[in-house]
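> Have a look at this prediction, sequence included:
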Amino acid sequence: MDLTPDPKAPTRRDFLSLAGGGAAAAFASGLLGTGSALAESAFPDHALRLVVPFPAGGPTDIVARPLAFLLADPLKQQIVVDNRGGAGGAIGAELVAKSPPDGYTLLLGTVGTQAINASLYKKLPYDPAHDFTALGLVASGPVALVANTAAPFSNVAQFIAAAKAQPGMITFGSAGNGTPGHLTGVLFSKAAGIQLRHVPYRGSAPAVTDLLGNQITVMFDPLQSVLTQVQAGKLRPLAVSGTARSPVLPNVPTMAEAGLQGFSAEAWWGVYGPANLPAAVTQTLRTEIERVVRSDAFRDKLASLGVLPTPMTGEAFAEFNRSELAKWGKAVRDSGASLD
């Protein structure tokens, strides 16, 4: 028998090499097993959708367009604005709440969808407190108290005096039951100790038409909805509801300045994802949203609308959501408004 080693036979070194290769393969397999983590770190790798829960051309859509345009650059992906109006914003909000928590479907929520609807609707198909990941506040704007230019009062003090002299007789219009304008009117009446009669409309436009025609006495509505008429001299602004005067109407006092100390009630917009977004995705979105909101470009695009960039993320934004939910919930209950 020939005991000469076969040069083609595998050696101990070959077996060790194979074993090492197996370990390398196992290591590579382990890396592949962390695919979800790698996917998160690569986020985003395709286009995102920003759901606007109201029709195109409205106040929320006007905020969404520049936000989506400016956010696309740092995320290096297109952001498609998807208008899903109906049911006071509930249809669009529900769509996002029930979307996969991957960061690719986002909501531009409002004071209505995130703070008012929970108390206004008897059967809301989503829970604002638990069905979303709050990513960042992006903008806010005051509600304006405006009157017909022929009204017998030119400031808040005179208006309150007139209302006290005629309890329940002075009318105020709004874009509808449970809207920020309606509920700001409720908060204003309570703070001023007066009784006003609410006249709800199906949107801002018909309310403005009737105010111009002197069919109602005053109107409470987000400033951007009445700004054109105010600047044209067709409506008289009495006050705005923010904590500071509006840059576009610097001569119009806040309601606090006009005598209602501490009064503040603003419309606002924030970005939300579905609940349980991955931490890395959440952080990426929060960082880039805040960067855009703080940019001069975003401020400039909102400047003419009476809306201000309002950067807020993290726990501060979470606490803001909780406090707004409580404040507007009480306003809804005080108003008696309820929708099916």
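Yep, that arrived. Numbers count the residues shown, from 1 in each chain.
> what pLDDT does Pro55 get?
Pro55 is assigned 87 on the pLDDT scale.
> Doesn't it lie inside a strand?
No. Pro55 is assigned coil when assessed by DSSP: H, G, I helix; E, B strand; the rest coil, not a strand.
> how close does the residue nearest to Lys123 when sequence neighbours are not counted sit to Gly88?
Once flanking residues are discounted, Lys123 sits nearest to Asp340: 7.0 Å by C-beta to C-beta, 6 or more residues apart in numbering. All C-beta atoms are positioned from the backbone trio N, CA, C, and that covers glycine. Between Asp340 and Gly88 the distance is 11 Å, computed by C-beta to C-beta, to the nearest Å.
> Looking at the two, which is more packed in?
Per other C-beta atoms under 10 Å, whichever of Asp340 and Gly88 has more neighbours is Gly88, with 22 against 6.
> could you measure the more buried one against Asn177, distance?
For Gly88, the distance to Asn177 - C-beta to C-beta - is 9 Å.
> Run the chain-centre distance for stretch 47-58.
11 Å (C-alpha atoms, centre = their mean, to the nearest Å).
> Show me the contact partners of that stretch.
If you take C-beta atoms under 8 Å, 6 or more residues apart in numbering as the criterion, stretch 47-58 is touched by 60-61, 64, 67-68, 75, 77-86, 89-93, 95-96, 103-110, 113, 271.
> measure that stretch end to end?
End-to-end distance for stretch 47-58, by C-alpha to C-alpha, to the nearest Å: 24 Å.
> Can you list the buried residues in stretch 248-256?
Val248, Leu249, Val252, Pro253, Thr254, Met255, Ala256 (16 or more other C-beta atoms under 10 Å).
> Show me which of the residues you listed is closest to Asp131.
Taking C-beta to C-beta as the measure, Asp131 lies nearest Met255 of the buried residues of stretch 248-256, at 32.8 Å.
> Run through the residues that contact the closest one.
For Met255, the contacting residues are Leu145, Val156, Phe188, Ala191, Ala239, Val240, Ser241, Phe263, Ser264, by C-beta under 8 Å, 6+ apart.
> Give me the common contacts of Gly88 and Asn177.
Contacts common to Gly88 and Asn177, judged by C-beta under 8 Å, 6+ apart, are Leu120, Leu339.
> Helices of the stretch 151-300 of the chain, residue ranges please.
Along the stretch 151-300 of the chain, counting by DSSP state H, counting those that start in this stretch, helices occupy 156-165, 180-192, 204-212, 223-231, 279-293, 296-303.
> can I get these in JSON lines with mean neighbour count, mean pLDDT and distance to Arg322?
Output for those, formatted as JSON lines (neighbours: other C-beta atoms under 10 Å; pLDDT from 0 to 100; distance: least, C-beta to C-beta, whole Å):
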{"stretch": "helix 156-165", "mean neighbour count": "17", "mean pLDDT": "98", "distance to Arg322": "30"}
{"stretch": "helix 180-192", "mean neighbour count": "24", "mean pLDDT": "95", "distance to Arg322": "18"}
{"stretch": "helix 204-212", "mean neighbour count": "19", "mean pLDDT": "94", "distance to Arg322": "29"}
{"stretch": "helix 223-231", "mean neighbour count": "20", "mean pLDDT": "94", "distance to Arg322": "25"}
{"stretch": "helix 279-293", "mean neighbour count": "19", "mean pLDDT": "98", "distance to Arg322": "18"}
{"stretch": "helix 296-303", "mean neighbour count": "15", "mean pLDDT": "94", "distance to Arg322": "26"}
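> export these to TSV and tack on distance to Pro53?
Shown next, in TSV, are those (distance: least, C-beta to C-beta, whole Å):
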stretch	distance to Pro53
helix 156-165	33
helix 180-192	14
helix 204-212	17
helix 223-231	17
helix 279-293	18
helix 296-303	19
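> Show me the one of these that comes nearest His198.
Using C-beta to C-beta, the nearest of the helices of the stretch 151-300 of the chain to His198 is helix 180-192, at 6.3 Å.
> Let me have the buried residues of stretch 248-256 in TSV, adding pLDDT as columns.
Shown next, in TSV, are the buried residues of stretch 248-256 (pLDDT from 0 to 100):
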residue	pLDDT
Val248	94
Leu249	95
Val252	97
Pro253	98
Thr254	97
Met255	96
Ala256	96
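> Who does the longest strand along the chain pair with, and is each partner parallel or antiparallel?
The strand that spans the most residues within the chain, counting by DSSP state E, is strand 132-148. Next to strand 132-148 in the sheet, as set by DSSP bridges, lie strand 218-222 (antiparallel), strand 235-240 (antiparallel), strand 266-274 (antiparallel), strand 308-312 (antiparallel).
> how far out from the middle of the chain is that strand?
8 Å.
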